[in-house]
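J.: based on what follows, work out the 3D shape:
(one chain, ligands or ions: 1)
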Amino acid sequence: MDLLVDPAPLRQQCQKWRSQGLGIALVPTMGFLHAGHLSLFDHARTLAGRLVVSIFVNPAQFGPGEDLDRYPRDLPRDLELCRAHGVDLVFAPEPGAMYHPDHAAWIDVPELGAGLCGASRPGHFRGVCTVVAKLFGLVRPHVAVFGEKDWQQLAILRRMTRDLELGVTIVGRPIFREPDGLALSSRNVNLTPEERAGAPAIRQGLLLVQKAARAGQLDAAALGLIFRRHLAEKLPAARLDYAEFVHPEALTPAARLEAPALLAVAVFLGRVRLIDNILLEV
Ligand code: AMP
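T.: Residues are numbered from 1 along each chain as shown. Presented below is the predicted three-dimensional model:
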């Protein structure tokens, strides 16, 4: 397995693979890898002859006062996991290698990026789109794999790739969860033991809503109330950032669940912000 920290040799190596007729799969990450990431690697490996993983805590997608400095990092451990999961090349640049001092080009998909996480994290998806476009430009992968945990991110990247004709197949993969239902996240290590113990209430709330929808409750406001009440009862320390029903691709608000809708939620537990979602097909 190769480890590269500079863009130029990354571009060279990927160019070489392409000229040998090898397909390239890319999985962008911010590192501190967990089983959710590894499930993406395992799937991506089946899609192309070479697997490239990027590990980069992208400053451009963090706002002032967010957890850029607290974001967990452990490159040696990440490299071990990548090696064990058949990754061919890890690209782990420093911010200075990814952004020129006078970097000035940004990609934004405001129609999809203004709501949900974008509302409480202005500029976040602009940072995500820009770094992913840069990675696509360097690696020129045939396929890129992302997790459905970050559903909005996936929808935005699909739209960016389609609208800019980037020629990369975008593949989404299901949320990988702890046995108690909590979605795996690098940020989970920053939860206190009490917060970690209560965190599965988020998933339980999503399942309660699914159950009510399947039983015939199609009104988004009523379903939203079920989630809020559950959270207030089971996890009183939590602060709900949002719980919204949206069209799964357009991310526009859904008032009634006559067509499939996504319930997306973000919850602050102490200083940690957790996101989760469920696709409701009624
Ligand atoms: P991150 O390192 O958090 O930026 O995540 C890198 C990729 O892994 C993104 O495509 C995420 O959606 C995906 N991912 C993160 N957590 C999970 C999970 N629990 N299950 C599946 N994919 C995940």
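J.: what distance do you get for residue 102 to the ligand?
T.: 26 Å (Cβ to the nearest ligand atom, to the nearest Å). In this view, the C-beta of every residue, glycine as well, is placed from N, C-alpha and C.
J.: now do the SS call for that residue.
T.: Secondary structure, DSSP: H, G, I helix; E, B strand; the rest coil: residue 102 is coil.
J.: for the remainder of this discussion, apply numbering that starts at 35.
T.: I'll keep to 35 as the first residue from here, and by that count the last item is residue 136.
J.: ok, it - contacts?
T.: For residue 136, the contact set (Cβ atoms under 8 Å, 6 or more residues apart in numbering) is empty.
J.: tell me which element residue 260 is part of?
T.: Counting by DSSP states H and E, the element that carries residue 260 is helix 254-268.
J.: name the residues of the stretch 135-284 of the chain found near the ligand, please.
T.: Contacts of the stretch 135-284 of the chain with the ligand, taken as Cβ under 6 Å from any ligand atom, map to 180-181, 183-184, 207, 209-210, 217-220.
J.: hmm, who's touching the helix holding residue 260?
T.: 232, 235-236, 238-240, 242-243, 246-247, 251, 272, 274, 277-279, 287-291, 295, 297, 299, 301.
J.: then stretch 79-89?
T.: With Cβ under 8 Å, 6+ apart, stretch 79-89 has contacts from 44, 48, 51, 56-65, 67, 75, 78, 109, 112, 116, 119-127, 169, 173, 175-177, 179, 205.
J.: picking up where we left off before, ok, of the contacts of helix 254-268, which come out buried?
T.: 232, 235-236, 238-240, 242-243, 246-247, 272, 274, 277-279, 288, 291, 295, 297, 299, 301 (16 or more other Cβ atoms under 10 Å).
J.: can you confirm residue 298 is in a strand?
T.: Yes: judged by three-state DSSP, residue 298 forms part of a strand.
J.: can you select the buried ones from the contacts of stretch 79-89 in ChimeraX?
T.: Typed into ChimeraX, the line below selects the buried ones among the contacts of stretch 79-89, using 16+ other Cβ under 10 Å:
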select :44,48,51,58,59,60,61,62,63,64,65,67,75,78,112,116,119,121,122,123,124,125,126,127,169,173,175,176,177,179,205
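J.: so which of the contacts of stretch 79-89 sit within strands?
T.: Judged by DSSP state E, the subset of the contacts of stretch 79-89 located in strands is 58-63, 123-125, 177, 179, 205.
J.: still on that earlier bit, please identify which of the residues of the stretch 135-284 of the chain next to the ligand is nearest to the ligand.
T.: Ranked by distance to the ligand (Cβ to the nearest ligand atom), these are led by residue 181 at 2.2 Å.
J.: returning to what we had before: with distance to residue 39 and pLDDT added, can I get the ones in strands among the contacts of stretch 79-89 in a markdown table?
T.: Below are those laid out as a markdown table (distance: Cβ to Cβ, whole Å; pLDDT from 0 to 100):
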| residue | distance to residue 39 | pLDDT |
| --- | --- | --- |
| 58 | 19 | 99 |
| 59 | 21 | 99 |
| 60 | 17 | 99 |
| 61 | 18 | 99 |
| 62 | 16 | 99 |
| 63 | 15 | 98 |
| 123 | 12 | 99 |
| 124 | 9 | 99 |
| 125 | 8 | 99 |
| 177 | 24 | 99 |
| 179 | 22 | 99 |
| 205 | 26 | 99 |
